[in-house]
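K.L.:
give me a model of this one.
(4 chains)
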There are 2 protein chains.
Amino acid sequence: MPSPDSAERAQLVERFRRWLRDQRLPVTHPRDVIADLVIGSDSHESVGTIAAQLKARGERIGTATIYRTLDLLVRSGLVRANEFGEGFRRFERVAGKERHEHLVCVRCGRVVEFANERLERMLPIIGDEHGFRHERHRVEIFGTCRDCLQRELGGLRS
Amino acid sequence: MPSPDSAERAQLVERFRRWLRDQRLPVTHPRDVIADLVIGSDSHESVGTIAAQLKARGERIGTATIYRTLDLLVRSGLVRANEFGEGFRRFERVAGKERHEHLVCVRCGRVVEFANERLERMLPIIGDEHGFRHERHRVEIFGTCRDCLQRELGGLRS
DNA sequence: CTCATTGCAAAGCGTTTGCACCAGT
DNA sequence: ACTGGTGCAAACGCTTTGCAATGAG
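P.N.:
Below is the predicted model of the structure:
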């Protein structure tokens, strides 16, 4: 999941601005900056990491505004909220990506995306079989990532 | 997911007691009662519903003890913790059940279990393909359950 | 008798809300 | 001008922790 090149990034942020105007909502500086940051990131950002990066950029934006803007980004369909059982949410751009699920490393917390068409086709059918009108689903695989496995092997020697 | 008959229930609670003794941990009244309640339930209980039922049984057991005992039940392998994005966890007996995943109704919160062998086989393989040593996974399908669909249709008439 | 558990209350942590002030449109 | 946004701090809900009193082995 490479981060989008600056052209695509700018285009997606512009799409958010358009969405705001469509909703008769003001386009403000905090919204612009947060959208740029989340949309431009290749990782799964928490409110904490977002706040830190905003501070690093010299912005003084309150936590409440971050939450409120993330809510808008999710509602616009450009961003998705994830809950990996860490006790807080992580946000990722979805616009311009194919539907995917997540692998989560239980050692280092790294999140890797994977796409599997058969899986995506199966789940709505399973819902059907149980009388559920499928709306969305989530699949998470927890395990140890390649790097942590290697590190573990290294650790055995010492 | 029927609740276990009283024989099986007693047997599972006894298994928890044995596990505690193996760990050199005291078997206490709160632990007994909480284990009986969670193991005897056919639904997915939150700490809130557990506390309410304890009070209804006339027990005066603190919240901290409920959390601590649930932790033990999970560690013993008899109980599993679930996180359905409601902001709190739900606990269910797993001993004596086949491996399963969950359907969650977004209207009424009802949780239904489903088992799918193919799904369970797929996920460790997908992990492998991405260099992950699979440890566990979770799959949740969110949608509207049969009852709520019916209620919705009824609502259209009025 | 000793060490872990219990209940209670306080603290923690991510998230939401209330509010006076400020800014897009 | 009007409507909604912003930062700050307080409130929230679930969960964890500190501690003196209690109880299991």
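
K.L.:
chain A: strands as residue ranges?
P.N.:
Taking DSSP state E to define them, one finds strands in chain A at A:45-46, A:79-83, A:89-93, A:101-105, A:111-114, A:133-144.

K.L.:
for the last one, name the packing helices and strands.
P.N.:
The helices and strands touching strand A:133-144, judged by 3 or more Cβ pairs under 8 Å, 6 or more residues apart in numbering or on different chains; DSSP states H and E, are strand A:101-105, helix A:117-129, helix B:117-129, strand B:133-144. In short, each C-beta sits where N, CA and C put it, glycine included.

K.L.:
quick check: buried residues in stretch A:112-132?
P.N.:
Applying a neighbour-count criterion of 16 or more other Cβ atoms under 10 Å in any protein chain shown, one finds A:112, A:114, A:116, A:119, A:122-124, A:126-127, A:131-132 buried in stretch A:112-132.

K.L.:
now tabulate the residues you listed in JSON lines and tack on distance to chain B and pLDDT.
P.N.:
Compiled in JSON lines, the buried residues of stretch A:112-132 are given as follows (distance: Cβ to the nearest Cβ, whole Å; pLDDT from 0 to 100):
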{"residue": "A:Val112", "distance to chain B": "6", "pLDDT": "96"}
{"residue": "A:Phe114", "distance to chain B": "6", "pLDDT": "98"}
{"residue": "A:Asn116", "distance to chain B": "6", "pLDDT": "98"}
{"residue": "A:Leu119", "distance to chain B": "6", "pLDDT": "98"}
{"residue": "A:Met122", "distance to chain B": "6", "pLDDT": "98"}
{"residue": "A:Leu123", "distance to chain B": "5", "pLDDT": "98"}
{"residue": "A:Pro124", "distance to chain B": "8", "pLDDT": "98"}
{"residue": "A:Ile126", "distance to chain B": "6", "pLDDT": "98"}
{"residue": "A:Gly127", "distance to chain B": "5", "pLDDT": "98"}
{"residue": "A:Gly131", "distance to chain B": "3", "pLDDT": "97"}
{"residue": "A:Phe132", "distance to chain B": "4", "pLDDT": "97"}
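
K.L.:
how about the residues you listed in JSON lines, adding distance to B:Ala51?
P.N.:
Below are the buried residues of stretch A:112-132 laid out as JSON lines (distance: Cβ to Cβ, whole Å):
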{"residue": "A:Val112", "distance to B:Ala51": "38"}
{"residue": "A:Phe114", "distance to B:Ala51": "39"}
{"residue": "A:Asn116", "distance to B:Ala51": "40"}
{"residue": "A:Leu119", "distance to B:Ala51": "37"}
{"residue": "A:Met122", "distance to B:Ala51": "37"}
{"residue": "A:Leu123", "distance to B:Ala51": "34"}
{"residue": "A:Pro124", "distance to B:Ala51": "36"}
{"residue": "A:Ile126", "distance to B:Ala51": "33"}
{"residue": "A:Gly127", "distance to B:Ala51": "32"}
{"residue": "A:Gly131", "distance to B:Ala51": "31"}
{"residue": "A:Phe132", "distance to B:Ala51": "30"}
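
K.L.:
any low-confidence regions in chain A?
P.N.:
In the predicted model, chain A carries pLDDT under 70 at residues A:1, A:156-158.

K.L.:
spatially central residue in it, please.
P.N.:
In chain A, the C-alpha closest to the average C-alpha coordinate belongs to A:Glu92, at a distance of 1.6 Å (Cα atoms, centre = their mean).
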